[in-house]
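*Asks:* take this sequence and fold it.
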Amino acid sequence: MQPSKAIPRRKKVRLAVALGSSVACLGAASIALLGGVTPAVAANIASQPDAQIAVFMVPLTLLLMVMLFEAARFIWRGRIPVQTPAKRSLKTHWQGRN
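*Replies:* So this is what the prediction gives:
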């Protein structure tokens, strides 16, 4: 078995994404704690219907916006990716006889 040769650029991107998400998570947690949001307060906030709707709708809206952005990006590029055509079945010498 051959060892996998990952592209060095991809390793850098993975490392950057991992570090960026870790820093963002720690930053959000520290801001929440400095703002006085404790787990007990968060539980009270989460029991309100408006917060429950926001928790559902914000990621859904972000997903929709990303999908619209990707569609617009394809359109601005001027060429929409096409599907590969289906393979034609070639009749061999043995398939032509009954």
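
*Asks:* so what touches the helix or strand of the chain with the lowest mean pLDDT?
*Replies:* Across the helices and strands of the chain, the lowest-confidence element by mean pLDDT, DSSP states H and E is helix 39-46, at a mean of 82. Helix 39-46 is contacted by residues 32, 37, 51-52, 55 when judged by C-beta atoms under 8 Å, 6 or more residues apart in numbering. (Glycine included, C-beta is placed from N, CA and C.)

*Asks:* so the helix or strand just after it versus helix 39-46, what angle?
*Replies:* Going down the chain from helix 39-46, the next helix or strand is helix 49-77, by DSSP states H and E. Relative orientation of helix 49-77 versus helix 39-46 (axes from the mean of the first three to the mean of the last three C-alpha atoms, to 10 degrees): 80 degrees.

*Asks:* mind giving me the packing neighbours of helix 49-77?
*Replies:* helix 39-46 (3 or more C-beta pairs under 8 Å, 6 or more residues apart in numbering; DSSP states H and E).
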